[in-house]
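Visitor: Coordinates for the following, if possible.
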Amino acid sequence: QGDQAQLLGYLSTLRSDWDMPASSILPDFNTSISAPLHRLYTPIDIWIDEPEEENDDNDLVLNTRWQRSIYYELRDERMPALEALALHPYLVVTGGAGSGKSSLGQYLVTSLAYACDADAEKHDNVKGLDLLGAAWLHGDLLPIYISLQDFSYSKHFPKTRSKTGSKNLLAYIKDDVDSFASHLETYLTDSQAGDYNAVLVLDGLDEVGTENERVILRDIIEKWTRGFPRCRVVVTCRTYAYNKTAPWRLSDKFVSVELAPYTRNQMYAYIDRGYQLVAELRPATLGGRNKAQGKADKLAKDLKFNIETNRTLEPLARHPLMMALLTLIHEQHQKLPNKRAELYEQTVELLDRWNLRSKSNSLEEKLANLDYERMRAALKMIAFDLQVRRE
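Guide: Alright, predicted model coming up:
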């Protein structure tokens, strides 16, 4: 019912928000070039729930399962994460730090932001629904992305449980999409547009600070599902913070899944995508346009060979964030360091430069005052301690 240009502007912002900014990560790279998320993203799997065991939260059991996943890949115990998103209207995606939770939510939002904008699809030669795979049968739903940490810092987040409701989150979303906020509630409650009309991605339940705030957030999410039953909801949270006894755990209508590490094919697909984008977007780093594609193919082959032949690298490459860092380090130096300590050092340097976004002023202030040398020293101590204990 509102201004079409405002809606298209909102969708355009969603598509560009999650591009990978090479200029903020790679040193001495001054050209502002971003890699589109939908070009770089490599679909990941989830674990299929196993029968509960008396000790299924035991560290030894979890570690054994992780090791089996690395060496045997356990294809019968996996399903594509995109299928889980299509199958379950209310889903909690769990995983460790850097396992791909936020990226999965952002990929869903980006894909739908294309699907809702035919002109953008034509301009970028992208089919948004095709990105989501054959299992996605819900059409071009309106995507809404919310950082739960930012929401918890906002004026709309209630201080007590007695004041919780879907209206708290709706007010925050309206502030975020002010260009068509007046029409949003009408759209979400419209009963004439099919089974579902929107997808709400709520990212980072574990990043909401206190137990009380997480419980308040749980109440808000549950009330949202009752107030807007035609809106699908995806919540992301680290596995440790979503255990079976957590007081902020959502009701049984929310299906909980855990992201699995990359298979070998997924690792190699990421490398191929990454170097294809380097050849297209940063050909100067590979000797110019005439040589870029051939050089990219050789570097991709070299990185795959490194991972195949180095037992130290393969477990790292199974982890999506580490795979991204390994690829960037390999591009920068056109090889990987021979010594593990050098690799760790270069990884920490990349993390120092990583572009951290937030709408929260308080978080930006904390980052501005962060002592990176102390952080680096702490990371080294942790790494040393884990190595000594062989964990």
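
Visitor: Provide the secondary structure category for R249.
Guide: coil (DSSP: H, G, I helix; E, B strand; the rest coil).

Visitor: can you check E349 too?
Guide: Assignment for E349 (three-state DSSP): helix.

Visitor: next SSE after the helix or strand where L169 lies?
Guide: Following DSSP states H and E, one finds L169 within helix 166-176. Using DSSP H and E, the next helix or strand after helix 166-176 towards the C-terminus is helix 181-188.

Visitor: if we can go back for a sec, buried stuff in the helix holding L169?
Guide: The neighbour-count check on helix 166-176 (16 or more other Cβ atoms under 10 Å) flags S166, K167, N168, L169, L170, A171, Y172, I173, K174, D176 as buried. All C-beta spots, glycine's among them, are computed from the backbone N, C-alpha and C.

Visitor: Check P261 and give its pLDDT.
Guide: For P261, the pLDDT comes out at 91.

Visitor: Now do the phi/psi pair for the nearest residue to it once chain neighbours are set aside.
Guide: Distance criterion Cβ to Cβ, 6 or more residues apart in numbering; nearest residue to P261, sequence neighbours excluded, is R318 at 3.8 Å. Backbone torsions for R318, taken as degrees, to the nearest 10, come to phi -70, psi -20.

Visitor: Hmm, M267 and R318 touching each other?
Guide: Yes. R318 is within contact range of M267, at 6.8 Å (criterion: Cβ atoms under 8 Å).

Visitor: Surely R311 is within a strand?
Guide: No. Assigned with three-state DSSP, R311 falls outside any strand and is coil.

Visitor: any idea how far it lies from A134?
Guide: As judged by Cβ to Cβ, to the nearest Å, R311 and A134 stand 36 Å apart.

Visitor: Also E213?
Guide: 39 Å.

Visitor: again with D124
Guide: From D124 to A134 the distance is 21 Å (Cβ to Cβ).

Visitor: In terms of packing, which of these two has more residues around it?
Guide: Taking neighbours as other Cβ atoms under 10 Å, D124 and A134 compare with D124 leading, 15 against 10.

Visitor: Can you pull the phi/psi pair for the more buried one?
Guide: phi -100, psi 0.

Visitor: any idea of the pLDDT on the residue nearest to P261?
Guide: With respect to pLDDT, R318 scores 91.

Visitor: What is the neighbour count of it?
Guide: Applying other Cβ under 10 Å, I find that R318 has 22 neighbouring residues.

Visitor: Remind me which helix or strand the residue of the chain positioned farthest from its centre belongs to.
Guide: Residue farthest from the centre of the chain, counting by Cα atoms, centre = their mean, is N290 at 34.2 Å. In the assignment (DSSP H and E), N290 maps to helix 289-309.

Visitor: Packing partners of that helix?
Guide: On a contact count with 3 or more Cβ pairs under 8 Å, 6 or more residues apart in numbering; DSSP states H and E, helix 289-309 meets helix 264-281, helix 313-317, helix 320-333.

Visitor: Any chance of these in a markdown table with distance to D17 and mean neighbour count as columns?
Guide: As requested, these are exported to a markdown table (distance: least, Cβ to Cβ, whole Å; neighbours: other Cβ atoms under 10 Å):
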| stretch | distance to D17 | mean neighbour count |
| --- | --- | --- |
| helix 264-281 | 18 | 19 |
| helix 313-317 | 27 | 19 |
| helix 320-333 | 17 | 20 |
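
Visitor: picking that back up, which residues touch the helix holding N290?
Guide: Contact partners of helix 289-309, identified using Cβ atoms under 8 Å, 6 or more residues apart in numbering, comprise 267-268, 271-272, 274-276, 278-280, 283, 286-287, 313-314, 317, 326-327, 330-331, 334-336.

Visitor: Cool, thanks, signing off.
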